[in-house]
Each structure stands twice: as structure tokens, then as C-alpha cells.
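Novice: make a model of this:
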Amino acid sequence: MRSLQEILTVTRFLTEEKKSLIEKAYIFVVELHKEQLRHYSTESITKHATRVAFILAELGMPTEMIIAGLLHHAIREGLVSTQTISKQFGTTVSLLLEGTMRLRDIRYQGEISHLESLRKLFVASAKDMRILVLKLADRLDTMRSLQFAKEHQLRIAQETMEIYAPLARRLGLLRMSREMEDLAFKYISPQDYQSISVWVEKKQKEDTHPFDQFHKSLLKRLAKAGVHQIETDTRLKGIYSIYQKINRKKKEPELIYDLLAIRMRVDTVEDCYRSLGVIHTSWRPLPGRIKDYIAFPKPNGYQSLHTTVFTGHGGIIEIQIRTKSMHEEAEYGLASHLSYKEPARKNNVPYDSWLYQFLPPHKINSEKKYSFSAFEWLQKMVQDEHGDAKDADNFTSLRSDFFQYRMFIFDTHGEVVDLPIHSTPIDFAYEIGVTSGNHLYGAKVNGKLVHIDAELKNGDIVEIVTKQSSHPTVKWLLYAKTILAKKLIQEYLASKTTLSQKKKTSRSES
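Specialist: All right, here's what the predicted structure looks like:
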């Protein structure tokens, strides 16, 4: 259980008025729930609610969010009405709690019902994305205390691994996502978790002394080169992330070079690149391990420079370089856009802009400028709240489009298109525009002609070749990977079928 003082200590921009409201809510929830236990757990609601409020305060959430975190079980348990909450703590808190109530029945029960769970998340969150952040904070604390829910551990862990951890990652809440994954992995695959944990602990002990030496040497070299105001810390790779890398790349644990990483925070973007130059002048980098996510951010907005170097003592270490604002974005992602970074901002800022944080880029004008905009498939999901979710193809495409690993593909003008892995030139063409897709004739990848079903690789430069007489066929549906491409192909085929039927009807009538 978190004390009132602990919550107030981490709350940002705390005025006396806001402090009084949080104190009032804290006393209210303690008196309301007393020793009442959570469903599926032997732990009290009060302990859980105060910890959720603390997580939200750590994320820099506004006062209304912290109060909603304290009270999020009150309406659910039927102990108090929304009208009472509204009178006592304001309409915003009441609306947040009502939105959270809509997500209470989300369960992971296999792949088909998973799509319906995602729809519920989007429907509730599209109205106010703060609901989603509140739900993620609630789930993080549930995972931290999962030992108190013995009969439901595996189900809750699977829900977290399949729904909440990927969603947190896609929204840029990387710290939260990593912790959720590790906690869920511990219950889903305890043997793998234990064996990797033992190896990580052993490796840490072996590397501590040479790591500290390298760290000191790094700071000295940077200071000598005129890079000042540096903040550093270390990042230990997550257990589940290591497991994924071992399986995905068929690597032995000893060949994972980014187990430990030094994270540097500097004042400006110029300092980021200057620091990278100093590091590469002083230590030899590993080929193919230099990544510039500042020039080309990840789909969730993550920005940083990554390099891996030989330390000179037989060791290899990853270094991540970013500005302080980039670091906040990397750790808190979407949540940072709702924090008190701009205390004086107007209250009428629309919260539906959260959609732009995780949707793929879409062409918006003839100058080939791309921006984050809501895809029709997601809009349809939100609108069709009671629609049929029993479509395995939609489920597979949704997971690929939204949750899975993604890559950057370039057009010939240097613009970046963000696509899920295994995408083809068909997917790329429809990202550029409907006309490019519907008249796709061929494609050049890195200057060489390829078939339209060729699998694209991260960093490829793609040129789309169109021909007026070329049109989609049913076969294209087998090659396309994204929901957008499949939907537009189906629409074209349907329109041609309708036109053909009209012509037949017209001939028969004449």
C-alpha cells in the first residue's frame, strides 16, 4: 500500500487545491473499501488502488487521473454512484471511471475473442485516451501482485502478454511494457524464465568491474571533447526480450551484446551526434550495430542513437544516446503527452489525437508527405462496437499491423513508410495511395526489379511501377499483409463485380 505522502511526493505541479482533492480522495477510498478484497485476489482493494494512483503520479498524470486511480474500484463494486463521484470530485473523474468500467470484462480467451477485446479497448479509449493509461496502470499493479491471485495467474498473465504489454509498447510506454512482459513470462513459462534469470545474474556479476571502468573512461573522453551536462544510467535487457532474441535470431545467450547498455542523456541533438563521433573515435564499433532512430524514429515515436562498441577489455557494450526530452518520450511514450509538461495549456485540447501516436504513416498529399492519421480499419472498429469479431483473417492482420515488429521502408524521395514485417510491394503501394495500389505493375527494390509478392526488408528503397491497364486480382489478397491493402483490393474487386453484373443486366434488358 502506498501512503498519501508517497503519492503527493511524486505528483507534479501540486497546488494546495490539488493536494486537498487528492487527500480527500485518499481518505474517501480508505473508508469506502476498508478491508474489502479484490476479485480473483487475496489482497485488499485499498492497497491496489493506492498503488495504481502512485503509478499514475509517477507517469506525471494530472490530478484527475490520480484521483481516478484511487477510486477506480468504487463504481465497479457498486459502493457509490457516478453522480456522487461527480459531485465530490468533478465530472472528469466521473467520466474516466465510467470509461474504465467498460473495460472491466476484457478477457483473453483465445485468438478470435481477442479481436473483440481489442475493439472494446479502442472504443472506450477513442473517447478519452486517459482511460487507456489508467487501465494500463491498473494492469501493471495487478501483475506486480499476481502472487495473490493463484487460481487466475495463468489467465491474467496471458491477457497481459497478448493485450496489455504489446499495447503499452506500441504506445511508447516502454518501461511499463518491459515490466509487464517479464512479469507475465514468469508465469507463462517459469522454466525458461528461471534459466535466463540465472544466466543474467551470473553475467552481471562477471561484467560489473569492466563495465564500471568503461563507464568512467567514457565520461572522461566526452568531457575532454566538450560534451557536458551528461546524465547516464544503465539499462538491463528484460528477461522476456532476451528470450525473444534467442528464439527469433537463433542465438546463444553469449551472443547477445545488448544485455547491458549505457543510456546517455545530453542537452541537444547536436550533442547526441557529437557524442557518437567521440565514442567511435575512441572505441571500434561493431559493423551493422549503429542505428539512428533520431533521423528515423520508431513507429511509436522512440528516438535515440544506438551503437555497440568493443570496450578494449574483451567486452562488448551497447550505448544509447538521446536528449532528455527524447528519454522522457522513450520511457513514458504516450503518457508524456498528457503530463504537466505544459501546465498552462488550454483545457479544450482534444484527446483523440492519441490515435496519431501509433498508427502507420499515410500519404496525405501529392508532395509525398506522410503523417500519422487514423486508418479506416481502426475507425470502423471503433464505430462497429457490436460488430462481428469472428474473423480469423482480421485478427491475424490486426496483430500484424498493430502489435508485431515493424520496419522502415523508403520511397525514392527519402520519405519513410512504416510497415509490419513480411510486407510486400503491394502493401507499400497502397500506403502511398489508392491509385498506386490499384495500378501496380511492378516494383524496384534497391534498384532491382522484383515480383510484387517479394518480401521487403527493413531499410529497403522501393520504387513503384504503375501501368494504367494493371489492376488487382484475387491472387493479390494472398500477397498483401496489411489490413489497408487487403481492404482496398477487396473494394476494387467488389466494384468490378458489381459493374460486370450491371452490364449483363443491361444487355439482357436490351
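
Novice: can you list the buried residues in stretch 81-101?
Specialist: Buried residues in stretch 81-101, counted by 16 or more other Cβ atoms under 10 Å: 82, 85-86, 88-89, 92-100. For every residue, glycine as well, the C-beta is placed using N, CA and C.

Novice: got a markdown table for those, with pLDDT and secondary structure too?
Specialist: Listed next are the buried residues of stretch 81-101 as a markdown table, based on pLDDT from 0 to 100; DSSP: H, G, I helix; E, B strand; the rest coil:
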| residue | pLDDT | secondary structure |
| --- | --- | --- |
| Thr82 | 89 | helix |
| Ile85 | 94 | helix |
| Ser86 | 94 | helix |
| Gln88 | 95 | helix |
| Phe89 | 95 | helix |
| Thr92 | 91 | helix |
| Val93 | 94 | helix |
| Ser94 | 92 | helix |
| Leu95 | 89 | helix |
| Leu96 | 90 | helix |
| Leu97 | 91 | helix |
| Glu98 | 85 | helix |
| Gly99 | 81 | helix |
| Thr100 | 82 | helix |
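
Novice: now the residues you listed in a markdown table, with distance to Thr42?
Specialist: Output for the buried residues of stretch 81-101, formatted as a markdown table (distance: Cβ to Cβ, whole Å):
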| residue | distance to Thr42 |
| --- | --- |
| Thr82 | 29 |
| Ile85 | 27 |
| Ser86 | 32 |
| Gln88 | 30 |
| Phe89 | 29 |
| Thr92 | 33 |
| Val93 | 28 |
| Ser94 | 30 |
| Leu95 | 32 |
| Leu96 | 28 |
| Leu97 | 25 |
| Glu98 | 28 |
| Gly99 | 28 |
| Thr100 | 23 |
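
Novice: can you pick out the most distant pair from the residues you listed?
Specialist: Largest separation among the buried residues of stretch 81-101 by Cβ to Cβ: Gln88 and Gly99, giving 18.0 Å.

Novice: give me the neighbour count for Glu77.
Specialist: Glu77: 13 surrounding residues under other Cβ atoms under 10 Å.

Novice: secondary structure element holding it?
Specialist: Glu77 belongs to no helix or strand when assigned by DSSP states H and E.

Novice: again, but for Ile317
Specialist: Secondary structure (DSSP H and E) places Ile317 in strand 316-323.

Novice: helices or strands up against the following helix or strand past that strand?
Specialist: For strand 316-323, the following helix or strand on the C-terminal side (DSSP H and E) is helix 324-332. If you count contacts as 3 or more Cβ pairs under 8 Å, 6 or more residues apart in numbering; DSSP states H and E, helix 324-332 packs onto helix 174-188, strand 260-266.

Novice: nearest to Leu478, out of those?
Specialist: Of the helices and strands packed on helix 324-332, nearest to Leu478 by Cβ to Cβ is helix 174-188, at 32.4 Å.

Novice: could you list every helix and strand in contact with the closest one?
Specialist: Contact analysis of helix 174-188 by 3+ Cβ pairs under 8 Å, 6+ apart lists helix 130-144, helix 153-159, helix 165-170, helix 190-224, helix 239-248, helix 324-332 as its packing neighbours.

Novice: which parts of the fifth one are buried?
Specialist: Put plainly, it is helix 239-248. Ile239, Tyr240, Ser241, Ile242, Tyr243, Lys245, Ile246.

Novice: out of those, which comes closest to Met180?
Specialist: Tyr240 (9.1 Å).

Novice: so how far is Lys467 from the closest one?
Specialist: Distance, Tyr240 to Lys467, using Cβ to Cβ, to the nearest Å: 47 Å.

Novice: now do the contacts for Thr232.
Specialist: Taking Cβ atoms under 8 Å, 6 or more residues apart in numbering, we find Thr232 in contact with His215, Leu219, Ile262, Arg263, Met264, Arg265.

Novice: list phi and psi for it.
Specialist: Torsion angles at Thr232 (phi, psi; degrees, to the nearest 10) stand at phi -130, psi 150.

Novice: show the model's pLDDT score for the closest residue to His439 other than its chain neighbours.
Specialist: Closest residue in space to His439, ignoring its immediate chain neighbours: Thr466 at 4.2 Å, by Cβ to Cβ, 6 or more residues apart in numbering. Note on Thr466: pLDDT of 95.

Novice: now the one 4 residues further on
Specialist: On the pLDDT scale, Ser470 is placed at 94.

Novice: contacts only, for it.
Specialist: Neighbours of Ser470 in contact, by Cβ under 8 Å, 6+ apart: His439, Leu440, Tyr441.

Novice: check Tyr479 too.
Specialist: When contacts are counted by Cβ under 8 Å, 6+ apart, Tyr479 touches Thr424, Ile426, Ile452, Asp453.

Novice: number of residues surrounding the second one?
Specialist: A total of 27 residues lie near Ile426 under the criterion other Cβ under 10 Å.

Novice: so it is in which element?
Specialist: Short version, using DSSP H and E: Ile426 is in helix 425-432.

Novice: what does that helix rub up against?
Specialist: By Cβ under 8 Å, 6+ apart, helix 425-432 touches 360-363, 368, 409, 411, 417, 419, 436-437, 440, 442-443, 445, 450, 452-454, 456, 462, 464, 476, 479-482, 484-485, 488-489.

Novice: give me the neighbour count for Leu56.
Specialist: Neighbour tally, Leu56, other Cβ under 10 Å: 30.

Novice: does Asp128 touch Ser94 like I think?
Specialist: No: with contact defined as Cβ atoms under 8 Å, Asp128 does not reach Ser94; the gap is 11.8 Å.

Novice: point out where the chain drops to low pLDDT.
Specialist: For the chain, applying pLDDT under 70 flags the ranges 104-127, 249, 251, 299-300, 334-406, 499-510.

Novice: quick one, domains of it?
Specialist: 4-188, 190-333, 359-502 (automatic domain parsing).

Novice: for Arg38, phi and psi?
Specialist: Torsion angles, degrees, to the nearest 10, at Arg38: phi -70, psi 160.

Novice: that one against Thr46, yeah?
Specialist: No: Arg38 lies out of contact with Thr46 (Cβ under 8 Å); the separation is 9.7 Å.

Novice: if I look at the residue nearest the centre of the chain, how far off is Met143?
Specialist: Geometric centre of the chain, nearest residue: Arg170, 1.6 Å, by Cα atoms, centre = their mean. In this view, Arg170 and Met143 are 18 Å apart by Cβ to Cβ.
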